[in-house]
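*Asks:* Let's see this in three dimensions:
(chains A, B, C and D)
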4 protein chains.
Amino acid sequence: MTGTTSDPVSDFKYYKGMSAAELVDALGSVGYQASNLKKAADIITRMRKDGAKIFLSFTSNMASSGLRGLFAQMIARGMVDVVITTVGSIEEDFIKAHEGKFFIGSFDEDDEALGDKGINRIGNILVPSESYQLFEKLVKPALRELIRPDASITPSELIHGLGAYCEDEDSILHQARKMGVPIYCPAITDGSMGFQLQELRNERQFQIDVVADMKNIALEAGMDDKIGIIALGGGVAKHHAILANIINGGADYAVYITTAHQHSGSLSGATTQEAKSWGKIKSEGDAVTVHGDVTLVFPLVLARVFEGLGADI
Amino acid sequence: MTGTTSDPVSDFKYYKGMSAAELVDALGSVGYQASNLKKAADIITRMRKDGAKIFLSFTSNMASSGLRGLFAQMIARGMVDVVITTVGSIEEDFIKAHEGKFFIGSFDEDDEALGDKGINRIGNILVPSESYQLFEKLVKPALRELIRPDASITPSELIHGLGAYCEDEDSILHQARKMGVPIYCPAITDGSMGFQLQELRNERQFQIDVVADMKNIALEAGMDDKIGIIALGGGVAKHHAILANIINGGADYAVYITTAHQHSGSLSGATTQEAKSWGKIKSEGDAVTVHGDVTLVFPLVLARVFEGLGADI
Amino acid sequence: MTGTTSDPVSDFKYYKGMSAAELVDALGSVGYQASNLKKAADIITRMRKDGAKIFLSFTSNMASSGLRGLFAQMIARGMVDVVITTVGSIEEDFIKAHEGKFFIGSFDEDDEALGDKGINRIGNILVPSESYQLFEKLVKPALRELIRPDASITPSELIHGLGAYCEDEDSILHQARKMGVPIYCPAITDGSMGFQLQELRNERQFQIDVVADMKNIALEAGMDDKIGIIALGGGVAKHHAILANIINGGADYAVYITTAHQHSGSLSGATTQEAKSWGKIKSEGDAVTVHGDVTLVFPLVLARVFEGLGADI
Amino acid sequence: MTGTTSDPVSDFKYYKGMSAAELVDALGSVGYQASNLKKAADIITRMRKDGAKIFLSFTSNMASSGLRGLFAQMIARGMVDVVITTVGSIEEDFIKAHEGKFFIGSFDEDDEALGDKGINRIGNILVPSESYQLFEKLVKPALRELIRPDASITPSELIHGLGAYCEDEDSILHQARKMGVPIYCPAITDGSMGFQLQELRNERQFQIDVVADMKNIALEAGMDDKIGIIALGGGVAKHHAILANIINGGADYAVYITTAHQHSGSLSGATTQEAKSWGKIKSEGDAVTVHGDVTLVFPLVLARVFEGLGADI
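*Replies:* Here you go, the predicted structure:
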């Protein structure tokens, strides 16, 4: 063939008791996104075995979903060196760590009726307004403690501080704090957090130092490090993960999982191929874009990765 | 909540040795398409336990992929009563049953270079022209045997006849013939088959009786039967599966898996919800649309279904 | 740059009274799908000026929409040599020619409530069941006249015959009959038409000769002809348009407009680039894929084409 | 019908000299996204006539495209009260104001070859590295002037300051400064700007005060104002536009144009319908989501809006 591969397409057949990892292996010979999924698992396994610095980016709707536990598990397991996300993830992880509720509904709810009942919809996830009120109630005193008058604090320091308020083993903030994994959030005010910070400003002077975090993230990896990027969804989280590494020569390994397509020119839909024109990923980099919903794709990818790494999960 | 559900979102965590079926169960509480995937598995399990007549439709690119083996397995296992597909599926199943080759490549191949080498691309699947030439060589004598001079034969009879030429256990045609499962193909000429039939016409008179198959498919289920539809992808295969059942009062169970969206008004993207306005699915019908690539989604769905049904796989 | 182009991106600015054609010209320098839209208009203009045989394929949801008038206009204007579509287009064109009603609704209708009222939803188009009943009532006697006992008739002949029952200037069937433009429909039974034909079979013997139409469409263009394909949406209509020309050496010009993407390996999402690996489009062929809803894109494309051709519209 | 509408679908026909605005009017009766496009034009016209505060959000790939001129024109024409975008928009507007080049290429470029030539790809737009080097060279002295030692400056103040360096009439920064329209950028460091700011930090102390901008944007509209949101694409720009208004009771008018879908639960794909569950848009709000590439859709929408407003364009 063209040199890229000569693996034959093989018929997929299920057998009783097939493990998730075995299923992924079988998908590798199925074609289309099934094959890309297997390729993603292989690349993540290789980036980990190669000792690469691993940057994980995700959007906040994923923290709303049950993927939160998986992200926390990855961090706890030492599989992530740097996290980049939007502030909704911080808020919702915090809410869940304090027993705030999220429910499974449908994509076809009557939204006006939901609104009347104080229920907010995120796709097919339903969140009572009380869950957000819980956040406001609990985060206010935390921010007062963490941000002293006249302090200057970076978003990543603030998030590290908030981790101390989350005892939940399934909490991203908790595990990141415990493992010393920094969480960067370049748009820290773009959520309820923004309003809470602004209210605290009415009480005292302080600065959220976004510029210092730019230096911090650029130093997370050096020119001598191998770099791996796992970008789940798009937006500023994905962009920031890529941007932070461009100055270190681009990624050696990259896995993008997204429902966006490249045809509108958005960064969310930009592929690992496009990234090579920029030097965001090295020309010889090991990279794949899987097209699909992260909630479907990523647990399966990770099943294969965890088993492939062989250690305790 | 709104009555549809009050299941909480739960954190997904992987554990060593997790089976594919267990992973699907865990996805049910994750949200978005993960939850829809679990719902699809549950609905297929219920339609089977309820003794519904099960109509399976799929597009020919899926027969090009390794899903072919899974479809054959479903038929062999007695999980399908009627198959509807496009003629490419018949052709490619036949090719594979005769050792014709298909390879895994990439979505970014140099297509002009491939063309020069006689390699045809279907997404990231690469098919040498010899594989199609093999089909032409082998199907010609088969058609001569199956279609006698002045005969009138329906597409489903013709496909049943071709099944005798496929000894492969992983062949859809083979298993369908063996199990007495009819395969309907409303656009039987839309492929290489069309050219072969037209050449045979130069030799002898015969008719492909598409009208009789309309009666046949309409009689596959009756007003007293429970009906289940599994529509993978869109196109005429999906439409025909739905159409055939509309006169029997619509489906009781329906699972659509598709990458298309409803916003262009296409039937491929039409949801199980839209189907209720037509009576294609009963108002109280048990239905879900999973948005994703079938190669990713369906093996996982079936893992859960097979385990749930509990019998030999 | 890479040789493909060195046209600069230019700022789009609106001016009072800007014509649709001028807007398309300006879009050419905007980038993303705007530029592809302009490219599509240029290619269609060139294929027409070059005297190519033009194959137009579309899906039936487009005949449900107001694009029906534009297709009829294209045919009346001599811009199309061959039409390929699914049977829903024939049915809905016929219904509209007899004053059957279609309405604009929303994508978020309550489908169960619609069903109770006898209203069927196609995306945001609502169709009362009476419109389909009108089809059944009127087409039955027409079929009796057109299909004599023991007759053998091809789908394209049948559709040509039905054109005589449509007096409406905006009717695709009417204009195609008048202009001698054949309409191919490889899945003629996949709709209400299938049931009507099957009922007529209870009255008399006849054959719908799908094989002969395969020969007919293959002869629409010869090896010496330039060939142009305009494929709107996907499915068997798109596939058949391409297939019919593969034996004549592939298309010289091709414009695909679709909301599907190539990542699931579907033909609906297959690009003009992929087509080159198959010889469906010549390597040096002039081709573009525009990603977008045809109802948005095609009227704008045609505005530019009509003005560019300069003759009476 | 269901009360939402009873407008019939009408056949679209082109006539010589049809203006862009007339084409949009005709699209209203075509169905699918064509009808939604017309609805978007009507809503923007009404929000403007009603004196609503208009929030416009867009992603930076749109500033890379030729839409930049249209955004500048909207601002110059007094059609926008508040702009929210990502920092790439600021950078690329600045580059273009200083004659940096952007070219139209294709989506299928050889990315590794491009990389070797120092050309960066954004979809089908190609940007030489010199264009970004130009930015770095010019913005450094500008930042030194605008950010005095020990200063505290908000992102919107900084962008206002940069507007003084852009003399180009087609510049978003120029027109926004001239018209007193604030540009908010909640992730100001997520781009080359971030590195420039970090380098300046090596020279002097200063703060980018993201918290103060949260207060500023929340005060852009009051409880008594009518509010209109035009969200082009997704990401933090869209989220911030919505967030800023949620405390003022939600939007009265909203138009979303996006290629994303709601099925992954992303905010980028979240519809105006979903927004009603949150109170992001009032229950009785006048809202539509158009599914399509903004470069295709928005110029057409604006053509109708400009003509409908009737004043000088």
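
*Asks:* does chain D sit close to stretch A:25-33?
*Replies:* No: figure legend: stretch A:25-33 not in contact with chain D (C-beta under 8 Å from any C-beta of the partner chain); closest approach 14.1 Å. Bear in mind the C-beta positions are built from the backbone N, C-alpha and C, glycine included.

*Asks:* What mean pLDDT does that stretch get?
*Replies:* Averaging pLDDT along stretch A:25-33 gives 98.

*Asks:* which other residues reach it?
*Replies:* A:7-10, A:12-13, A:18, A:34-35, A:37-39, A:290-292, A:297, A:304, B:61, B:64-67, B:102, B:104, B:122-125, B:292-293, B:295-296, B:299, C:263-265 (C-beta atoms under 8 Å, 6 or more residues apart in numbering or on different chains).

*Asks:* what's the distance between it and the middle of its chain?
*Replies:* 24 Å (C-alpha atoms, centre = their mean, to the nearest Å).

*Asks:* Same check on stretch A:180-187?
*Replies:* On C-alpha atoms, centre = their mean, the centre of stretch A:180-187 falls 11 Å from that of its chain.

*Asks:* Kindly provide the whole-number mean pLDDT of it.
*Replies:* Computed over stretch A:180-187, the average pLDDT equals 98.

*Asks:* confidence score at the residue in the stretch 51-200 of chain A positioned nearest to chain B?
*Replies:* Across the stretch 51-200 of chain A, the shortest distance to chain B (C-beta to the nearest C-beta) belongs to A:G69, at 2.5 Å. With respect to pLDDT, A:G69 has a value of 98.

*Asks:* So which residues of the stretch 51-200 of chain A form strands?
*Replies:* For the stretch 51-200 of chain A, the strands defined by DSSP state E, counting those that start in this stretch occupy A:53-58, A:82-85, A:103-104, A:119-122, A:125-128, A:151-153, A:183-184.

*Asks:* Only alpha carbons, please: show the longest one as PDB.
*Replies:* Put plainly, it is strand A:53-58. The C-alpha atoms that make up strand A:53-58 are tabulated as PDB, following Å, rounded to 0.1, in the frame of the first residue of the first chain:
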ATOM      1  CA  LYS A  53       5.500  14.900  30.000                       C
ATOM      2  CA  ILE A  54       1.800  14.400  29.500                       C
ATOM      3  CA  PHE A  55      -0.500  17.400  29.100                       C
ATOM      4  CA  LEU A  56      -4.200  16.600  29.400                       C
ATOM      5  CA  SER A  57      -6.800  19.100  28.300                       C
ATOM      6  CA  PHE A  58     -10.600  18.800  28.600                       C
END
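
*Asks:* contacts for that strand?
*Replies:* A:47-48, A:67, A:71, A:74, A:79-85, A:89, A:220-221, A:225-233, A:237-238, A:240-241, A:244-245, A:294.

*Asks:* The fourth one too?
*Replies:* Among residues not part of strand A:119-122, those counted as contacts by C-beta under 8 Å, 6+ apart are A:61, A:64, A:105, A:109, A:111, A:114, A:126-129, A:132, B:1-2, B:31, D:265, D:270, D:274, D:277-278.

*Asks:* can you do 6 Å?
*Replies:* A:N61, A:S64, A:E109, A:L114, A:L126, A:V127, A:P128, D:G265, D:E274, D:S277, D:W278 (C-beta atoms under 6 Å, 6 or more residues apart in numbering or on different chains).

*Asks:* thinking again about what came up before, could you pull up the contacting residues of the closest residue to the residue of the stretch 51-200 of chain A closest to chain B other than its chain neighbours?
*Replies:* Take A:G69 and drop its neighbours on the chain: the residue closest to it by C-beta to C-beta, 6 or more residues apart in numbering or on different chains is B:D11, 2.5 Å away. If you count contacts by C-beta under 6 Å, 6+ apart, B:D11 has them with A:G66, A:R68, A:G69, A:D170.

*Asks:* Tell me if I am right that B:D11 is in a helix.
*Replies:* No: judged by DSSP: H, G, I helix; E, B strand; the rest coil, B:D11 forms no part of a helix; its state is coil.

*Asks:* Of the contacts of stretch A:25-33, which belong to helices?
*Replies:* Residues of the contacts of stretch A:25-33 located in helices (DSSP state H): A:34-35, A:37-39, A:297, A:304, B:61, B:64, B:67, B:295-296, B:299.

*Asks:* what's the span of stretch A:172-191 from first residue to last?
*Replies:* With C-alpha to C-alpha, to the nearest Å as the measure, stretch A:172-191 spans 18 Å from end to end.
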